[in-house]
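J.: fold the following.
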Amino acid sequence: RAPERVRRGSRRGAGISHGWVSNPQVCSGGPGWGGSGTGGCRGARGSPAEPPLPGWPLPQLVSLFLPEFPVRPSARQQQLKILGFVAKGSFGTILKVLDCGREKVCAVKVVPKVEVLRRDTLKQCKEEVSIQRQVRHPFVHGLGDSWQGQRHLFIMCTYCSTGDLHALWRTAGCLAEATVRLFAAELVLVLVYLHDLGIMHRDVKMENILLDERGHLKLTDFGLSRYLQWGERAHTICGTLQYMAPEVLSGGPYSHAADWWSLGVLLFALASGKFPVAPAGDHVAMLERVKESSYESPPEFSPELARLLAELLCHNPLYRLRYLHHFQGHPFFRGVAFDADLLQKDPVVVAVAPRSPEQPPPDPATFADFDYDLAAPPDRPWPG
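T.: Have a look, this model is predicted:
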């Protein structure tokens, strides 16, 4: 059973009034019309301008999600045809769609606005899109587009038909050490890149790593990510229990080093076929199990792999591996070039489990009238 993702934080409702908000008026900071160089909003002769007329009013349920989720023309949505369901969860629904304009299959994450407000995750939802717009890396599942409808938010990415790392792990049981080494190098490059940008992922796990058609990794799902500059600390208990670092389970403070603990758990599971610590029901019980665990490496691990995992699964985050040069000089990565192009040169030869077939809609459906309850069962009649 896949571990359950949890997040402890404010649970108060984020009720809003469905009022109207005028568009903000933006004034130039450069020279005024009179050429005095003082800037500001001034009339043609340099005198203070009259108060501008209010712009067209926007419903608050729209303005709250701007600018990360712009309002798209209806013609754009009509170019998307829904091919089927990919997954459902507390976060919303992931759909497989065909972009008829570009003749490209994509994945669209659909999140009901009311759920975002009810869970008080507006800032988190907007930050997810902001981070994905900033990130451009060969081993990151990049953002294609984002927009909002009347009742839903839409996040579009490329569609990966091969499946995720968790499906591969369930099929293979455990991976050869050479494959673990390659995957580890790819994930090291991704995490170093994100941390250099001041981004902490906070949910590194197999289910959040997709495989492209050549078997290489694509880190995805930035729903729990946040900006965290060097020297800053976070305190929110969030992520997936079996991958959480002890400092996260205890309520912080914690830093980017928590992502490296998660990587250690992931690599241990890939190489051994099991997690280093059995799952628990909540973060308190999980913390006790983590504290009591000795993390003894199985005898089939090479000394180099055992050393790497011991240095990642270190209870003190100050002594954890976390910089690129730590990995470049590590015995486990001897002979590995930490270059994305070189790592992708050859396909990964592993039996990849195909993705479960999506549930197709009863008839071809489009986004033209996408204003119904997506939480309903898939066999609910689609809008005609």
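
J.: what comes into contact with the one helix or strand residue 189 maps to?
T.: Element membership of residue 189 [criterion: DSSP states H and E] is helix 177-196. The contact list for helix 177-196 (C-beta atoms under 8 Å, 6 or more residues apart in numbering) reads 135, 137, 139-140, 165, 175, 200-201, 204, 209, 216-217, 219, 225, 256, 259-260, 263, 266-267, 270-271, 301-302, 305, 308, 322-324, 327, 332-333, 336, 338, 340, 343, 348, 350. In short, each C-beta sits where N, CA and C put it, glycine included.

J.: then stretch 251-260?
T.: Residues from elsewhere that reach stretch 251-260 (C-beta under 8 Å, 6+ apart): 191, 194-195, 200-202, 204, 228, 230, 232-237, 239, 244-245, 247-248, 312, 317-318, 320-322.

J.: circling back: buried ones in the helix holding residue 189?
T.: 177, 179-195 (16 or more other C-beta atoms under 10 Å).

J.: ok so residue 83 is a strand residue?
T.: Yes - under DSSP: H, G, I helix; E, B strand; the rest coil, residue 83 falls within a strand.

J.: tell me how many other residues crowd it.
T.: Residues lying near residue 83 (other C-beta atoms under 10 Å) number 18.

J.: any idea of the pLDDT on the residue nearest to it when sequence neighbours are not counted?
T.: Spatially, and ignoring its direct neighbours in sequence, residue 83 is nearest to residue 96 (4.5 Å; C-beta to C-beta, 6 or more residues apart in numbering). Looking at residue 96, its pLDDT reads 92.

J.: wait, what's in contact with residue 96?
T.: Neighbours of residue 96 in contact, by C-beta under 8 Å, 6+ apart: 82, 83, 84, 85, 86, 105, 106, 107, 159, 358.

J.: one more: residue 276?
T.: Per C-beta under 8 Å, 6+ apart, neighbours of residue 276: 265, 268, 269, 293, 295, 313.

J.: just read off the phi/psi values of it.
T.: Torsion angles at residue 276 (phi, psi; degrees, to the nearest 10) stand at phi -70, psi -30.

J.: gap between it and residue 333?
T.: As judged by C-beta to C-beta, to the nearest Å, residue 276 and residue 333 stand 21 Å apart.

J.: helices and strands of this protein: which one bottoms out on pLDDT?
T.: The helix or strand of the chain with the poorest confidence is strand 20-22; it has a mean of 39 (mean pLDDT, DSSP states H and E).

J.: which strand or helix spans residue 258?
T.: Short version: residue 258 belongs to helix 257-272, going by DSSP H and E.

J.: kindly report the same for residue 221.
T.: In this assignment (DSSP H and E), residue 221 forms part of neither any helix nor any strand.

J.: correct me if wrong: it contacts residue 203.
T.: Yes - the pair residue 221 / residue 203 is scored as a contact, 6.3 Å apart, by C-beta atoms under 8 Å.

J.: for residue 154, what are its contacts?
T.: Counting by C-beta under 8 Å, 6+ apart, residue 154 makes contact with 69, 108, 109, 110, 145, 146, 147, 148.

J.: quick one: pLDDT of the residue nearest to residue 143 when sequence neighbours are not counted?
T.: Sequence neighbours aside, residue 132 is the residue nearest to residue 143 in space, at 3.7 Å (criterion: C-beta to C-beta, 6+ apart). Here, the pLDDT recorded for residue 132 equals 95.

J.: quick check, central residue of this protein?
T.: Nearest to the mean C-alpha position of the chain, by C-alpha atoms, centre = their mean, lies residue 222 at 1.6 Å.

J.: pretty sure residue 145 sits in a strand.
T.: Yes - assessed by three-state DSSP, residue 145 belongs to a strand.

J.: show me what the closest residue to it other than its chain neighbours is bridged to.
T.: Counting by C-beta to C-beta, 6+ apart, residue 145 lies nearest to residue 156, which is 4.4 Å off, once chain neighbours are set aside. For residue 156, the beta-bridge partners are residue 108, residue 145 (DSSP bridges).

J.: can you pull out the strands in the protein?
T.: In the chain, strands defined by DSSP state E lie at 5-8, 20-22, 57-59, 80-89, 92-99, 104-112, 143-148, 152-158, 199-200, 209-211, 217-219, 226-227, 237-240, 365-366, listed in chain order.
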